[in-house]
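*Asks:* Below are the sequence and a predicted model; questions follow.
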Amino acid sequence: MKEKFLELLKSIKREGIEDLIKFIENTDFFKAPASTRFHGNFEGGLLEHSLKVYELLKEKLKHTPIPMNVSEDTIKIVALLHDICKVNFYKVEYRNAKNELGVWEKVPYYTVEDTIPYGHGEKSVMMITEYMKLTVEEKYAIRWHMGLSEPKELYGTIGNAFTKYPLALMLFEADLESTYLFDV
């Protein structure tokens, strides 16, 4: 999966992508979980989740009810990098739990260590733009990919973003489908 992910990123024709790839390779991206407990909470979960979102978004864009002119580079960028904010974000700790024999043992679990507390979608946008430019549509899609799991006070703003940039809605849907239909 790592090779496929890197091959997709390397095919992006955007200034700065090489430096972004170097950054990613020097993080825990390929080993990090996608979450602590909701989906992909296993080593490599973030990588698997990102590839699944890419696959689902590509398929969704083939069958949209409205015409959408989205470049292959944009699809790769928003799908593969929407959760880049999760690099160097999780750490492993240990707790006591009973095993199948009823014996207590130390078991690993993931916790959050947020050293850059800048939100979620906006943090991914910030991290990417440190290396390469994003289009306005890409920024909105990545920023609002959490959709209605954002605070309800933002629902009006999210609705406006989805109306103005349907790719944001499509990315949100692909992210949800990856999480709930495929558990990654």
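*Replies:* Yep, that arrived. Since this is a predicted model, take the numbers as computed values, not measurements. Numbers count the residues shown, from 1 in each chain.
*Asks:* Surely V112 and Y90 touch.
*Replies:* Yes. In this structure V112 lies within contact range of Y90 using CB atoms under 8 Å: 6.3 Å. Bear in mind the C-beta positions are built from the backbone N, C-alpha and C, glycine included.
*Asks:* what is in contact with those two at once?
*Replies:* Common neighbours of V112 and Y90, using CB atoms under 8 Å, 6 or more residues apart in numbering, are T36.
*Asks:* Next, the distance between the ends of stretch 113-131.
*Replies:* Chord length of stretch 113-131, first to last residue, is 23 Å (CA to CA, to the nearest Å).
*Asks:* What's the local residue count around the closest residue to N99 other than its chain neighbours?
*Replies:* With sequence-adjacent residues excluded and distances taken as CB to CB, 6 or more residues apart in numbering, N99 is closest to E105, at 5.3 Å. The number of residues packed near E105 is 10, by other CB atoms under 10 Å.
*Asks:* ditto for E122
*Replies:* By other CB under 10 Å, 14 other residues sit near E122.
*Asks:* is it true that it touches W144?
*Replies:* No. Taking contacts as CB under 8 Å, E122 lies outside contact range of W144: 9.5 Å.
*Asks:* For the protein, just list every one of the strands.
*Replies:* 90-98, 104-112 (DSSP state E).
*Asks:* could I get those as JSON lines with mean pLDDT?
*Replies:* Output for the strands of the chain, formatted as JSON lines (pLDDT from 0 to 100):
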{"stretch": "strand 90-98", "mean pLDDT": "91"}
{"stretch": "strand 104-112", "mean pLDDT": "90"}
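*Asks:* Tabulate these (TSV), appending distance to L47.
*Replies:* Listed next are these as TSV, based on distance: least, CB to CB, whole Å:
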stretch	distance to L47
strand 90-98	13
strand 104-112	15
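*Asks:* Tell me which of those lies nearest to L6.
*Replies:* strand 90-98 (21.0 Å; CB to CB).
*Asks:* do you know how far the residue lying closest to Y90 once chain neighbours are set aside is from P33?
*Replies:* Excluding the flanking residues, the one nearest Y90 by CB to CB, 6+ apart is Y110, at 4.7 Å. Distance from Y110 to P33, counting by CB to CB, to the nearest Å: 5 Å.
*Asks:* and if you look at I158?
*Replies:* 26 Å.
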